[in-house]
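> Here is a sequence with its predicted model. Questions after.
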Amino acid sequence: MTNRTCGLSDGISRRHALARMVSVVAGLMVHTTEARPRQVSVRLETGMGSIDVVVECSQAPITSADFLKYVDRRLFEGGAMYRTVRPDNDPGPIKIDVIQGGVTDENKFLPKIPHEPTSVTGLRHRDGTVSVGRNAPGTGTAGAFFICIGDQPELDFGGRRNPDGQGFAAFARVVSGMEVVREIWKQKTEGSLGSAGAQVIAPPVPILSAHRCNC
């Protein structure tokens, strides 16, 4: 009897302990889910109107986290949309249609981040995709982002725009304000094809603010 009673007591204790463990783990999972949402909405207020984007936190966690640091620290304020790339000013054989912008004060840039290719994230450079400019892999920062006008498959992993074939790090998409993006894309530049200012918007379109929203 004594052994059986002790055994029953041990079993109950183990079940209680297991139940507590499950409860704690479930709580941690809920907390983690709340702390790391799958998507975050951000509004960019520019001198030509608002652009609302959805940041894909779960698919591109490294690049998304970097972009949100710039947003939350208000580092984009005072920045601009400063570059437009289109057929009339793109001298490369692999042409693309994008606008680029972000921080314009060198002192506001955060450290570079690892390259997060589309082969890993599953994202693609479609109309309205927001992505990160770079030179060699690992030299990019969300402080210099670009927005696609039309589908741009040559910017994906395996694309030919960058000779290394690694593509660019897509991390968000425009959900409202593509008309603003297209108007910025059409803006005059400082120079003509072949000149240093061929892709530099004159004057740049200011970024007035960038903040999280329920858009």
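Nice, I can see it.

> Please parse the chain into its domains.
The record's domain parsing of the chain by automatic domain parsing lists 1-35, 39-212.

> contacting residues around the residue nearest the centre of the chain?
Nearest residue to the geometric centre of the chain (C-alpha atoms, centre = their mean): residue 171, 3.4 Å. Residues in contact with residue 171, defined by C-beta atoms under 8 Å, 6 or more residues apart in numbering, are 55-56, 59-60, 63-64, 67, 116, 121, 123, 130-132, 142. Using the backbone N, CA and C atoms, a C-beta is placed for each residue, glycine as well.

> Please apply the same query to residue 79.
Contacts of residue 79 (C-beta under 8 Å, 6+ apart): 101, 102, 103, 104, 105, 108, 206, 207.

> again, only using 7 Å
Counting by C-beta atoms under 7 Å, 6 or more residues apart in numbering, residue 79 touches 101, 102, 103, 104, 207.

> can you list these in CSV and add distance to residue 175?
Formatted as CSV, these follow (distance: C-beta to C-beta, whole Å):
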residue, distance to residue 175
101, 18
102, 19
103, 23
104, 25
207, 18
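
> Can you select the buried ones from those residues in ChimeraX?
Per 16 or more other C-beta atoms under 10 Å, the buried members of these correspond to this ChimeraX selection:
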select :101,102,103,104,207
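
> Which single one of the contacts of residue 79 is nearest to residue 91?
Taking C-beta to C-beta as the measure, residue 91 lies nearest residue 101 of the contacts of residue 79, at 21.0 Å.

> Which residues are in contact with the closest residue to the closest one other than its chain neighbours?
Excluding its sequence neighbours, the residue lying closest to residue 101 (C-beta to C-beta, 6 or more residues apart in numbering) is residue 81, at 3.5 Å. Counting by C-beta under 7 Å, 6+ apart, residue 81 touches 46, 99, 101, 184, 201, 204, 205, 207.

> and of these, the nearest to residue 156?
Closest approach to residue 156 among the contacts of residue 81 (C-beta to C-beta): residue 99, at 18.5 Å.

> Tell me the secondary structure at the closest one.
Under DSSP: H, G, I helix; E, B strand; the rest coil, residue 99 falls in the strand class.

> Might one say that it is in contact with residue 184?
Yes: judged on C-beta atoms under 7 Å, residue 99 makes contact with residue 184 at a distance of 5.0 Å.

> In which helix or strand does residue 71 reside?
In this assignment (DSSP states H and E), residue 71 forms part of helix 61-72.

> Report the angle between the longest strand along the chain and helix 61-72.
Counting by DSSP state E, the longest strand found in the chain is strand 200-212. Orientation check (axes from the mean of the first three to the mean of the last three C-alpha atoms, to 10 degrees): strand 200-212 against helix 61-72 gives 90 degrees.

> Now list whatever residues contact both of residue 99 and residue 184.
81, 84.

> so of the contacts of residue 171, which ones are in helices?
63, 64, 67, 121 (DSSP state H).

> which two from the residues you listed end up farthest apart in space?
Checking the ones in helices among the contacts of residue 171 with C-beta to C-beta, the most distant pair is 67 and 121, at 13.4 Å.
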